[in-house]
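>>> next come a sequence and a model predicted from it.
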Amino acid sequence: MVSVSDRQFVQTDQNHVQCQAQTLTLHALSVADGILALSPVPGAGGLYKQDLHLIREWRPSIVITLTTRVEHVILGVETLGSDIQGLGSRWFHMPIEDYQIPAGAVHERWPEISALARQALTGGGRVLVHCKGGCGRSGMIALRLMIECGERPDAALARLRAVRPCAVETDAQMAWAYGRRRKTPRA
């Protein structure tokens, strides 16, 4: 276990690190030469400033937000993007409706965002992916990144679900994560 300030980083085995602070938990695992983490949206538990503090201490080079602007308003985190950028992380907003897959312009942006995230991971960096609960949408994106970094799909899914059992919630999310060809719904 490694302590950073008042936060605890717990290494569960050689490939998994979990970090918990107040209500925000980062479910992390090694990918390529870096660390990929999934989490709920910062502030979901009512401790937005503390959650941002944890993220700053964890030092992700990239944060990928999958929640929609409507979700940000409902949760009271309208300044999330600028707040994340203020921590020194690159922020990418890929709004995806709950239980859905990337569509339209969000789907078209994926190759660019994926390339940057994979570059960060292969360079030893940290990438944080979050949606509202840190399960379906986050799991879908994390699994796709793991596969695009060269992991076998079934092995990647098993590793991911070892640290986040709820990762990837629908058949459509699984198909998208596996990169299966299918029609992309229009946004």
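Received the coordinates, thanks.

>>> got a list of what residue 132 touches?
40, 41, 44, 67, 71, 75, 98 (CB atoms under 8 Å, 6 or more residues apart in numbering). For every residue, glycine as well, the C-beta is placed using N, CA and C.

>>> now do the SS call for it.
For residue 132, the secondary structure call by DSSP: H, G, I helix; E, B strand; the rest coil comes out as coil.

>>> return the backbone torsion pair for it.
Note on residue 132: backbone dihedrals following degrees, to the nearest 10 are phi -70, psi -50.

>>> just confirm residue 25 is within a strand.
Yes: according to three-state DSSP, residue 25 belongs to a strand.

>>> count of neighbours near it?
The number of residues packed around residue 25, counting by other CB atoms under 10 Å, is 18.

>>> any idea how far residue 104 lies from residue 97?
11 Å (CB to CB, to the nearest Å).

>>> for the protein, which segments count as strands?
If DSSP state E is used as the criterion, the strands of the chain fall at 2-4, 7-13, 16-21, 24-31, 34-39, 62-65, 90-93, 126-130.

>>> which parts of the fifth one are buried?
The neighbour-count criterion (16 or more other CB atoms under 10 Å) identifies 34, 35, 36, 37, 38, 39 as the buried residues of strand 34-39.

>>> nearest to residue 169 among those?
Comparing the buried residues of strand 34-39 against residue 169 with CB to CB places residue 38 closest, at 12.4 Å.

>>> what residue is smack in the middle of this protein?
With distances taken as CA atoms, centre = their mean, the residue of the chain nearest its centroid is residue 129 (1.3 Å).

>>> and the longest helix for this protein?
With residue count as the measure and DSSP state H as the assignment, the chain has helix 104-122 as its longest helix.

>>> thinking again about what came up before, least reliable of the strands of the chain going by mean pLDDT?
Per-segment mean pLDDT for those reaches its minimum on strand 2-4, at a mean of 31.

>>> shaky segments in the chain?
Within the chain, the set of residues satisfying pLDDT under 70 comprises 1-22, 181-187.

>>> now with 50?
Of all residues in the chain, those with pLDDT under 50 make up the ranges 1-7, 20-21, 181-187.

>>> isn't residue 114 up against residue 149?
No: counting by CB atoms under 8 Å, residue 149 is not a contact partner of residue 114; they are 9.6 Å apart.

>>> any idea how far the longest helix of the chain is from the chain center?
Taking CA atoms, centre = their mean, to the nearest Å, the mean C-alpha location of helix 104-122 is offset from the chain mean by 12 Å.

>>> roughly how far does residue 90 sit from residue 127?
Taken as CB to CB, the spacing of residue 90 relative to residue 127 amounts to 10 Å.

>>> great, nothing more from me.
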